[in-house]
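>>> A predicted structure for the sequence below; I have some questions about it.
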Amino acid sequence: KAGVTQTPRYLIKTRGQQVTLSCSPISGHRSVSWYQQTPGQGLQFLFEYFSETQRNKGNFPGRFSGRQFSNSRSEMNVSTLELGDSALYLCASSTRGDSYGYTFGSGTRLTVV
Amino acid sequence: SQQGEEDPQALSIQEGENATMNCSYKTSINNLQWYRQNSGRGLVHLILIRSNEREKHSGRLRVTLDTSKKSSSLLITASRAADTASYFCATHPGNQGGKLIFGQGTELSVKP
């Protein structure tokens, strides 16, 4: 059974650019969540999608956005990148997203220079 | 911050010893989960305990939950060098979809 696949694994971008990260959940999982991990702030919830609908959003500026496709694959986009956006971005999938454990991908390491 | 706190922040033990990590949280929960992370990679789900449960076991792992004190503990028995990792507790509030609120983590080092 394939796990959660995140692409790309590593990314280097320049301030002001935009970036799109991709996440393919485990087959049959309809809930996809995104988290940002930094040494200073730890793991912070970005947003969650369930059946193509955003169900919840964390406390991040509007530069952070996401979407989910009909096959449950999800993308997140960060526009006008700032140095502080450098982080490990983790995607997690679950069958329903409530009362169940999540399966995480290996993450995308984004560096903004 | 909504995040809970984990104690200790770092723990160093010898192989074969037990490791105990504690987690405190702030809001009411539907369940509490523990995850392991190796060297900045993805998180691995270890165990989930529901708000109406007090103790749960899985292999060498034992988790307790005290909802009156809003705290949980993770015990790893007979630790191995391969258990070296960061351990995070995560609470599921239950009224915010699938959102998890993570603690700051405990960095465990098990020396052979």
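Looks like it arrived, so ask away.
>>> Next secondary structure element downstream of whichever strand or helix holds B:Ser73?
B:Ser73 belongs to strand B:71-76 when elements are defined using DSSP states H and E. Remark: after strand B:71-76, the chain's next helix or strand is strand B:85-92, criterion DSSP H and E.
>>> Which elements pack onto that next one?
Contacts defined by 3 or more CB pairs under 8 Å, 6 or more residues apart in numbering or on different chains; DSSP states H and E place strand B:85-92 against strand B:5-7, strand B:19-24, strand B:31-37, strand B:71-76, strand B:101-102, strand B:106-111. C-betas here are computed from N, CA, C, even on glycine.
>>> who touches that strand?
Strand B:85-92 has contacts (CB atoms under 8 Å, 6 or more residues apart in numbering or on different chains) with A:43, A:98-99, B:4, B:6, B:21, B:23, B:25, B:27, B:29-39, B:43, B:46, B:72, B:74, B:98-108.
>>> hang on, the earlier thing: who does the strand holding B:Ser73 pair with, and is each partner parallel or antiparallel?
Paired with strand B:71-76 in the same sheet, following DSSP bridges, are strand B:19-24 (antiparallel), strand B:61-66 (antiparallel).
>>> and chain A, which residues reach chain B?
A:4, A:31, A:33, A:35, A:37, A:42-45, A:48, A:50, A:55-56, A:58, A:88, A:90, A:92, A:94, A:96-107, A:109 (CB under 8 Å from any CB of the partner chain).
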